[in-house]
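A.B. asks: Generate coordinates for the sequence data below:
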Amino acid sequence: MTKARKTAQMRLARVLRDRNEPHGRPITDESILRGVEVDDSGIVELWIKPPHPHCPCCLDDLIRLREEVSSQRGVLGCHVEVVGIPHAERWTAAVNE
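C.D. replies: From the prediction side, this is the model:
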């Protein structure tokens, strides 16, 4: 494991640990956070299934989450892949814009 990967994993864990989605559930709930990957260069990928797929505050929260993760020192970048909802590709494009 590279130092960049280890640093990015620790920073990501700090961000996700106490974060709740807009409706009060922890973002780390298995029904919401479907996958996490940190590569050797420090790029983070998150697979997330929003619990309320028609709620604009959930979309806004994912944008803020991506920005917060990306701004962490040691994280080279962040990509959020929205999964398991209608038009997930549109959500993914909006979040990562």
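A.B. asks: Mind checking which residue lies nearest the centre of this protein?
C.D. replies: Among the residues of the chain, the one closest to the centroid is residue 46, at 4.4 Å (Cα atoms, centre = their mean).
A.B. asks: per-residue confidence for that residue?
C.D. replies: What the model reports for residue 46 is a pLDDT of 98.
A.B. asks: And the strands in this protein?
C.D. replies: Ranges of strands in the chain, per DSSP state E, are 33-38, 43-48, 77-82.
A.B. asks: possible to save the ones you listed as TSV with distance to residue 2?
C.D. replies: (Glycine included, C-beta is placed from N, CA and C.) Listed next are those as TSV, based on distance: least, Cβ to Cβ, whole Å:
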stretch	distance to residue 2
strand 33-38	10
strand 43-48	12
strand 77-82	15
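A.B. asks: what's the closest of these to residue 54?
C.D. replies: strand 77-82 (12.8 Å; Cβ to Cβ).
A.B. asks: ok so, going back, what's near enough to touch the residue nearest to the centre of the chain?
C.D. replies: 33, 35-36, 65-66, 69, 78-81 (Cβ atoms under 8 Å, 6 or more residues apart in numbering).
A.B. asks: And residue 69, how close does it get to residue 54?
C.D. replies: 24 Å (Cβ to Cβ, to the nearest Å).
A.B. asks: Enumerate the beta-bridge partners assigned to the closest residue to residue 12 other than its chain neighbours.
C.D. replies: Nearest residue to residue 12, sequence neighbours excluded (Cβ to Cβ, 6 or more residues apart in numbering): residue 44, at 5.5 Å. Taking DSSP bridges as the rule, residue 44 bridges to residue 38, residue 78.
A.B. asks: I figured residue 44 hits residue 75, correct?
C.D. replies: Yes: the criterion here is Cβ atoms under 8 Å, and residue 44 meets it with residue 75 at 5.8 Å.
A.B. asks: Mind listing the shared neighbours of these two?
C.D. replies: The contact lists of residue 44 and residue 75 share 8, 12, 69, where a contact means Cβ under 8 Å, 6+ apart.
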